[in-house]
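**Q** Got a sequence here, can you build the structure:
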Amino acid sequence: MRIALVNQNHAGSLESKRAYLPLGLAYIAGVLRGSGRHELKLIDAATLDLSNEEVEKRLKEFEADVVGVGGVTDTFEGALNVCRIAKHLGMKTILGGVHASLLPKESLAFDEVDIVVVGEGEYILLELLDIMEKKEDLKKVNGILFKKKIRGKIKIVKTPKAEQIQNLDELPLPARDLFPWKLYSSYSSLVRQTPCMHMMTSRGCPFHCTFCSSQNLWKSCRARSTKKIVDEIGVLIKEFGAKEIYLFDDTFNLNLKNVEELCDEILKRRIKISLRVVARVYPMTKEILQKMKKAGVW
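**A** The predicted structure follows:
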């Protein structure tokens with residue numbers, strides 16, 4: 001199938017216009033491209049500041065069968081707007097991301113949305129596209145909600161939850177090269193050097209902070225191997241010219257042994273990079289803090 005993944009324009013939202021890579025879409029793109037089973041196009045409407053007409057033109061030129069879009073609550077209106085354009089062109093729409101995962105029925109209630117993916121979308125979307133291409137029953141795919149006409153009425157069908165990805169190392173690197181990455185400055189304004197790229201070393205957090213969606217989105221904590229993490233840091237420096245990297249985890253210091261191993265590997269390979277992390281005050285030790293500083297964490 002021909003699928004277009006769209007990073008919606010955030011115009012009109014509270015989101016800043018700072019250009020940054022949509023990591024979730026990049027991971028999905030990496031898995032889809034790696035499968036070799038479907039034709040893929042990335043449209044970064046946010047970074048390129050594309051109008052509705054320009055998004056429609058690109059979808060039409062690609063002749064997409066399916067349009068996938070995601071995002072958080074703040075960008076949900078933009079996601080619906082992309083779905084509206086796609087439906088106007090007769091394309092199927094798939095919605096994923098944090099907002100859709102936490103409020104799947106409410107998200108599917110909009111006429112513009114055909115299917116909602118709940119949770120980690122990399123393998124769910126690949127399986128979904130395979131099933132859609134074969135024109136088989138969507139009930140075969142775990143982790144989705146979709147609309148189906150039953151006895152003349154549109155009903156919402158919810159399939160069983162999909163299993164979370166236990167081995168994060170099996171995921172290919174995010175397909176950053178498919179995006180206009182040279183236009184990205186930083187995910188956050190809190191940087192010391194640009195360009196600042198961001199990446200994930202783990203998924204999940206065991207804490208229950210009231211302001212955070214992590215516990216509802218990720219049901220378990222999983223970490224990538226030290227080698228894979230440092231290899232990706234090397235790729236970001238060599239291929240994308242990163243001078244700073246934001247380790248975009250919920251809590252960097254969940255496991256101090258992992259933190260120490262990561263710092264040791266960075267120092268062993270003599271990698272010179274500025275690193276920003278999100279960490280809790282506890283667990284932490286003075287020795288770990290000193291090692292983090294030596295490895296480049298500010």
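**Q** Can you name every helix or strand that the worst-scoring helix or strand of the chain on mean pLDDT contacts?
**A** Sorting the helices and strands of the chain by mean pLDDT, DSSP states H and E puts helix 214-217 at the bottom, at a mean of 81. Other elements packing on helix 214-217 under the criterion 3 or more Cβ pairs under 8 Å, 6 or more residues apart in numbering; DSSP states H and E are helix 98-102. For the C-beta atoms, the positions are set from N, CA and C on the backbone; glycine is no exception.
**Q** C-terminal to the least confident helix or strand of the chain, what's the next element?
**A** Going down the chain from helix 214-217, the next helix or strand is strand 222-223, by DSSP states H and E.
**Q** quick one: contacts of that next one?
**A** 164-168, 201-204, 254-255, 258 (Cβ atoms under 8 Å, 6 or more residues apart in numbering).
**Q** Direction included, what does that strand pair against?
**A** strand 202-203 (antiparallel) (DSSP bridges).
**Q** Which residue ranges of the stretch 101-250 of the chain form helices?
**A** In the stretch 101-250 of the chain, the helices defined using DSSP state H, counting those that start in this stretch lie at 104-108, 121-134, 214-217, 226-240.
**Q** Out of these, which gets nearest to Arg2?
**A** Of all those, the one in closest proximity to Arg2, counting by Cβ to Cβ, is helix 121-134 (9.7 Å).
**Q** which residues touch the closest one?
**A** Here helix 121-134 has contacts from 1, 3, 24, 27-28, 30-32, 35, 37-38, 65-66, 68, 70, 92, 94, 96-97, 115, 117-118, 137-138, 140-144, 162, 165, 171, using Cβ under 8 Å, 6+ apart.
**Q** switch the cut-off to 6 Å
**A** Here helix 121-134 makes contact (Cβ atoms under 6 Å, 6 or more residues apart in numbering) with 1, 27-28, 31, 35, 38, 96, 117, 140-141, 143, 162.
**Q** unless I'm mixing things up, Gly34 is touching Leu171, no?
**A** No - using Cβ atoms under 6 Å, Gly34 is not in contact with Leu171, being 9.2 Å away.
**Q** For these two, indicate the residue with more neighbours.
**A** Set side by side, Gly34 and Leu171 show more neighbours around Leu171, with 19 against 14, by other Cβ atoms under 10 Å.
**Q** mind checking pLDDT for the more buried one?
**A** We have a pLDDT of 98 for Leu171.
**Q** okay, and for the protein, where does confidence drop off?
**A** Within the chain, the ranges that satisfy pLDDT under 70 run 11-18.
**Q** at 80 what do you get?
**A** 10-19, 187-188, 215-216, 219 (pLDDT under 80).
**Q** what helices or strands is the helix or strand encompassing Lys293 leaning on?
**A** Assessed by DSSP H and E, Lys293 sits inside helix 286-295. Under the contact definition 3 or more Cβ pairs under 6 Å, 6 or more residues apart in numbering; DSSP states H and E, helix 286-295 sits against helix 256-268.
**Q** Give me the contacts around the helix it packs on.
**A** Under Cβ under 6 Å, 6+ apart, the answer for helix 256-268 is 223, 226, 230, 253, 283, 288, 291-292, 295.
**Q** switch the cut-off to 10 Å
**A** 201-202, 223-227, 229-231, 233-234, 247, 252-253, 255, 271-273, 275, 277, 279, 283-285, 287-297 (Cβ atoms under 10 Å, 6 or more residues apart in numbering).
**Q** Kindly report the same for stretch 28-38.
**A** So stretch 28-38 is contacted by 1-3, 5, 22, 39-42, 65-66, 68, 70, 96, 117, 120-126, 129-130, 132-133, 170-179 (Cβ under 10 Å, 6+ apart).
**Q** Quick one, which of those are buried?
**A** Taking 16 or more other Cβ atoms under 10 Å as the criterion, what is buried in the contacts of stretch 28-38 is 2-3, 5, 22, 40-42, 65-66, 68, 70, 96, 117, 120-126, 129-130, 132, 171, 173-176, 178-179.
**Q** Great, nothing more from me.
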